[in-house]
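Undergrad: Return atomic coordinates for the entry below.
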Amino acid sequence: MKSEDFKTLNIAVLTVSDTRNEETDTSGNYLVEAISEAGHNVVSKEIVIDDKYKLRELVSKWIADEQINTIISTGGTGFTGRDTTPEALSVLFDKNIEGFGELFRYISYTEIGTSTVQSRAFAGIANNTGIFCLPGSTGACKTGWNGILKEQLDSRHRPCNFVGHFTGN
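TA: As a prediction, the model looks like this:
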């Protein structure tokens, strides 16, 4: 693959919420639109309640699906009793991507100040599948996509990107 070639990824989008549906899922819908505009395929979009076992069940299925390169979730990363995305999904990782959460909070700090410390955005790799977990607000999804993921999921981005880790190329 030449460095200027774009590699299309197959991406699944997960919204973690007890209250949102397809009509009110502005965060998940934003991600679908942004992913598609960037040239990637959205192969699945689901809304799952804040239940760590239901989250693990779906994400484990996606991790095992060889057609899915990347999973992006939104929601469930706060501190309420129902926010369980980090506890549910981080145990599935083969490797953590520590820098993702750190960079997300750094960028977010410029937008919302110290309130960013309440973000538990995180990421990892499982079975060569990238898993990126963002907070539930549409603003946070825009921060994560535009500030990190759009470039890191673009095979043309240099000096490095994640695409080869998720496609075997």
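Undergrad: going forward, measure contacts and count neighbours with C-alpha atoms only.
TA: Noted.
Undergrad: Residue ranges in the protein under the pLDDT threshold?
TA: When the per-residue scores of the chain are filtered using pLDDT under 70, the ranges that remain are 1-4, 169.
Undergrad: Can you name the next helix or strand after the longest helix belonging to it?
TA: Across the chain, the helix with the greatest residue count (assigned by DSSP state H) is helix 98-112. Using DSSP states H and E, the helix or strand that follows helix 98-112 towards the C-terminus is strand 122-126.
Undergrad: CA atoms only for the following helix or strand past that following strand, dumped as CSV, please.
TA: Using DSSP H and E, the helix or strand that follows strand 122-126 in sequence is strand 129-134. Extracted C-alpha coordinates of strand 129-134, given in CSV (Å, rounded to 0.1, in the frame of the first residue of the first chain):
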residue,chain,number,x,y,z
THR,A,129,-9.9,-4.3,16.7
GLY,A,130,-9.5,-0.7,17.8
ILE,A,131,-12.0,0.3,20.6
PHE,A,132,-12.4,4.0,21.4
CYS,A,133,-14.8,5.0,24.1
LEU,A,134,-16.0,8.6,24.2
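Undergrad: which residues sit against the next helix or strand after strand 129-134?
TA: Going down the chain from strand 129-134, the next helix or strand is helix 138-144, by DSSP H and E. Among residues not part of helix 138-144, those counted as contacts by C-alpha atoms under 8 Å, 6 or more residues apart in numbering are 26-28, 30-31, 74, 104, 107-108, 134-135.
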